[in-house]
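Undergrad: Sharing a model prediction with you, sequence too.
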Amino acid sequence: MQLVDDVVAGKDEIAQWRRTLHADPELLFDVHNTAAFVTEKLKSFGCDEVVTGIGRTGVVGIIHGRPGGNGPAIGLRADMDALPIEETTGLAWASRTPGKMHACGHDGHTAMLLGAARHLAATRNFTGSVAVIFQPAEEGGGGGREMVNDGMMERFGITKVFGMHNLPGLPVGQFAIRKGPIMAATDIFDIKITGRGGHAAMPYQTIDPIVASSAIVSSLQSIASRNANPLESVVVSVTKFNGGSAYNIIPETVDLAGTVRTLSPAMRDLAEQKITEIATSIATAHGAKAEINYDRNYPVTFNHADETDFAADVAATLAGEEGVERNQPPTMGGEDFSFMLEARPGAFIFMGNGDTANLHHPAYDFNDEAIPVGVSYWVKLAERALAA
């Protein structure tokens, strides 16, 4: 691999940053210790500007290029938050906070972008400016949306934005990307079915919301199998079914909830429409009532064509063309970098984490051997994007 020499030399120090962050995981917007760690490092690197409180607890560092070299600003983004999972790795740097852990590698993402910021601030081998973006609340809080809504793009003159995520199962040193949708929209829904409760020995005197809800759960699966074009992608999963409190009582209500994953606006619209129609009509057929709340959460993570080619070309300078999959199948997982890609053109790329436990697993740990690869990618991308 054609990695940046001083990045390789600094790998152990960056890994120590990563392990420090791993031991102190924080959730959603409550990333105050992590943001303080990032802020201190960026200031020590000599960033021209370090701004905190963007999107509530986000941090942005601005690094200007060579003196007299005017040019655009590009954004490089890392996420900072952890997950509400109990860690089982037993590592020396394992989480010190019960019920919280970095099970998605955001500690590695943050450390790698810090490593890139240090190199870029020291060398300034580019024109224009680099904005290193450290985002809170990727894991369900929409921190990317909050940073965009806070005017980040306009405030720092960001014209393009790039993101990166580790991928277990992909060998260290390899990359994967695709044009268009690379990760799914992640909508959520709640359905409340109200019937008439009563004694379980006399169901004819009741309107049983459990029976109605069961029929709804089964029928929702027909959205993918009978309503969607089989060449399109849609996943409807009911993940909560709550009702009843005793063996001999038919309850008054049942609460259902779940998630919808789609890769196109048309499928997103269809799923919302059909969930509403199915729940309402089946409830009515059983004599019950349905209340549906459908929340459009993260949009599709959509890679722009030119920026995708550019990102893949940069990755190929490190890994060789054989180390870059340019037509990676999309995943139905979600990512709130999607909000930044809606605001500015850019691309989101996967980098290999090797043979590790999967993301969001209690035995997961970011692979420190991937650090020089990710840092070198950020450095090369910034220098090529802002070449004189």
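TA: Cool, the structure landed. Numbering: from 1, shown residues only.

Undergrad: Can you give me the buried ones in stretch 295-314?
TA: 297-304, 307-308, 310-312, 314 (16 or more other Cβ atoms under 10 Å). Yep, even glycine has a C-beta here, placed from its N, CA and C like the rest.

Undergrad: do stretch 243-253 as well
TA: In stretch 243-253, counting by 16+ other Cβ under 10 Å, buried: 243, 250-253.

Undergrad: do stretch 18-25 as well
TA: The neighbour-count check on stretch 18-25 (16+ other Cβ under 10 Å) flags 18-19, 21-25 as buried.

Undergrad: Same list (those) but as a markdown table, adding distance to residue 349, pLDDT and secondary structure.
TA: Output for these, formatted as a markdown table (distance: Cβ to Cβ, whole Å; pLDDT from 0 to 100; DSSP: H, G, I helix; E, B strand; the rest coil):
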| residue | distance to residue 349 | pLDDT | secondary structure |
| --- | --- | --- | --- |
| 18 | 19 | 98 | helix |
| 19 | 24 | 98 | helix |
| 21 | 22 | 98 | helix |
| 22 | 22 | 98 | helix |
| 23 | 28 | 98 | helix |
| 24 | 27 | 98 | coil |
| 25 | 24 | 98 | coil |
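
Undergrad: Restricting the selection to alpha carbons, write stretch 217-225 to PDB.
TA: C-alpha atoms of stretch 217-225 as PDB (Å, rounded to 0.1, in the frame of the first residue of the first chain):
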ATOM      1  CA  VAL A 217     -48.100  -7.900  11.400                       C
ATOM      2  CA  SER A 218     -48.500 -10.700   8.900                       C
ATOM      3  CA  SER A 219     -50.000  -8.500   6.300                       C
ATOM      4  CA  LEU A 220     -47.300  -5.900   6.500                       C
ATOM      5  CA  GLN A 221     -44.900  -8.500   5.000                       C
ATOM      6  CA  SER A 222     -47.000  -8.300   1.800                       C
ATOM      7  CA  ILE A 223     -45.600  -4.800   1.100                       C
ATOM      8  CA  ALA A 224     -42.300  -6.300   0.000                       C
ATOM      9  CA  SER A 225     -43.700  -9.500  -1.500                       C
END
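
Undergrad: Find the nearest non-adjacent residue to residue 260, please.
TA: Distances taken as Cβ to Cβ, 6 or more residues apart in numbering put residue 187 closest to residue 260, at 4.3 Å, once the chain neighbours are dropped.

Undergrad: Name the nearest of the buried residues of stretch 295-314 relative to residue 1.
TA: Residue 1 has its nearest neighbour among these in residue 314, at 13.0 Å by Cβ to Cβ.

Undergrad: Next one: that closest one from residue 44, what distance?
TA: Separation of residue 314 from residue 44 (Cβ to Cβ, to the nearest Å) stands at 27 Å.

Undergrad: Pop the domain breakdown of this protein in here.
TA: 5-183+300-385, 185-298 (automatic domain parsing).

Undergrad: name the element the residue lying closest to residue 142 once chain neighbours are set aside belongs to?
TA: Distance criterion Cβ to Cβ, 6+ apart; nearest residue to residue 142, sequence neighbours excluded, is residue 336 at 5.5 Å. Using DSSP states H and E, residue 336 falls within no helix or strand.

Undergrad: wait, isn't residue 336 in contact with residue 146?
TA: No: judged on Cβ atoms under 8 Å, residue 336 makes no contact with residue 146 at a distance of 9.2 Å.

Undergrad: Now list whatever residues contact both of those two.
TA: residue 137 (Cβ atoms under 8 Å, 6 or more residues apart in numbering).

Undergrad: Which one's more surrounded, those two?
TA: residue 336 (27 against 21; other Cβ atoms under 10 Å).

Undergrad: Kindly reformat the buried residues of stretch 295-314 as JSON lines containing distance to residue 216, pLDDT and secondary structure.
TA: Putting these into JSON lines (distance: Cβ to Cβ, whole Å; pLDDT from 0 to 100; three-state DSSP) gives the following:
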{"residue": "297", "distance to residue 216": "21", "pLDDT": "95", "secondary structure": "strand"}
{"residue": "298", "distance to residue 216": "25", "pLDDT": "96", "secondary structure": "strand"}
{"residue": "299", "distance to residue 216": "26", "pLDDT": "97", "secondary structure": "coil"}
{"residue": "300", "distance to residue 216": "26", "pLDDT": "97", "secondary structure": "coil"}
{"residue": "301", "distance to residue 216": "30", "pLDDT": "98", "secondary structure": "strand"}
{"residue": "302", "distance to residue 216": "31", "pLDDT": "98", "secondary structure": "strand"}
{"residue": "303", "distance to residue 216": "36", "pLDDT": "98", "secondary structure": "strand"}
{"residue": "304", "distance to residue 216": "39", "pLDDT": "98", "secondary structure": "coil"}
{"residue": "307", "distance to residue 216": "42", "pLDDT": "98", "secondary structure": "helix"}
{"residue": "308", "distance to residue 216": "40", "pLDDT": "98", "secondary structure": "helix"}
{"residue": "310", "distance to residue 216": "46", "pLDDT": "98", "secondary structure": "helix"}
{"residue": "311", "distance to residue 216": "43", "pLDDT": "98", "secondary structure": "helix"}
{"residue": "312", "distance to residue 216": "44", "pLDDT": "98", "secondary structure": "helix"}
{"residue": "314", "distance to residue 216": "48", "pLDDT": "98", "secondary structure": "helix"}
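
Undergrad: ok, so of those, who is nearest residue 131?
TA: Using Cβ to Cβ, the buried residues of stretch 295-314 come closest to residue 131 at residue 307, 15.5 Å.
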